[in-house]
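K.L.:
Here's a sequence, model it:
(one chain, ligands or ions: 2)
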Amino acid sequence: MAEGGGSIKSFFAPIAGFGVTFKTMFKPIVTEQYPEEKVPTAPRYHGRHVLNRHADGLEKCIGCELCAWACPADAIYVEGADNTEEERFSPGERYGRVYQINYLRCIFCGLCIEACPTRALTMSNEYELADDSREDLIFTKDQLLAPLLPGMESPPHPMRLGDDEKAYYLGGGISPVAGDPNVEGRLHADRADS
Ligand code: SF4
Ligand code: SF4
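P.N.:
Ligands and ions are numbered 1, 2, ... in the order given. As a prediction, this is how the structure comes out:
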């Protein structure tokens, strides 16, 4: 009897593997057709960084370097400088004159955005950062700065929101979420959730 069972088994052995293939033929296809079809990321996905602006276009970065000190991969380089009344880039005393993020080093942990005291630095959902040049993967301030939205003016210029600092930081009646809602707004929401 055992001998008979064994012979049936050995008879089907060469085609047993096809059973797996046959079953798989009826399963839904899960291959992502990237880059032709881009699947949306999770809402809190950590993608490339954005340096945000106030509602009048001034930069939120104050050049404090806390993001660079928080970075475990030493991927951020910042050089601060003083604002003057003739040449103002941010509403405070200082601004980030040089700002670079090295995406060859960055591990997208998000510690830098947690360290930033002004929410100047946030992360977007953008993940297409591959390149064949090491130099091009060091993003500079002009690449990281959020685009100017309607009503914003390119710095340097004086503070335009309200008559004093308090009014300015309250947004001068304009929503404090001044950046692209797809990037800055999302991170504001994240903080509110946590
Ligand atoms: S996400 Fe992490 S590794 Fe990348 S720059 Fe920020 S702190 Fe550094
Ligand atoms: S991005 Fe934020 S933490 Fe980094 S230098 Fe600017 S203000 Fe400071």
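K.L.:
from here on, contacts and neighbour counts on C-alpha atoms
P.N.:
Noted.
K.L.:
end to end, how far does stretch 40-50 reach?
P.N.:
Using C-alpha to C-alpha, to the nearest Å, one end of stretch 40-50 lies 19 Å from the other.
K.L.:
How far does that stretch sit from its chain's centre?
P.N.:
When C-alpha coordinates are averaged (C-alpha atoms, centre = their mean, to the nearest Å), stretch 40-50 and its chain have centres 5 Å apart.
K.L.:
what's the answer for stretch 151-169, then?
P.N.:
26 Å.
K.L.:
Can you list the neighbours in contact with it?
P.N.:
Applying C-alpha atoms under 8 Å, 6 or more residues apart in numbering, the external contacts of stretch 151-169 come out as 55-59, 85-91, 148, 171-173, 176.
K.L.:
Please pick the buried ones from those.
P.N.:
55-59, 88-91, 148, 171-172 (16 or more other C-alpha atoms under 10 Å).
K.L.:
Among those residues, name the ones in strands.
P.N.:
Among those, DSSP state E puts none in strands.
K.L.:
Now flag whichever of those is closest to Arg119.
P.N.:
Nearest to Arg119, judged by C-alpha to C-alpha, of the buried ones among the contacts of stretch 151-169 is Glu59 at 10.6 Å.
K.L.:
Can you name every helix or strand that the top strand by length along the chain contacts?
P.N.:
Longest strand of the chain, by residue count under DSSP E: strand 94-102. If contacts are counted by 3 or more C-alpha pairs under 8 Å, 6 or more residues apart in numbering; DSSP states H and E, strand 94-102 sits against strand 76-82, strand 138-140, helix 141-144.
K.L.:
Please enumerate the helices of the chain.
P.N.:
2-24, 66-70, 111-115, 141-144, 165-169, 186-193 (DSSP state H).
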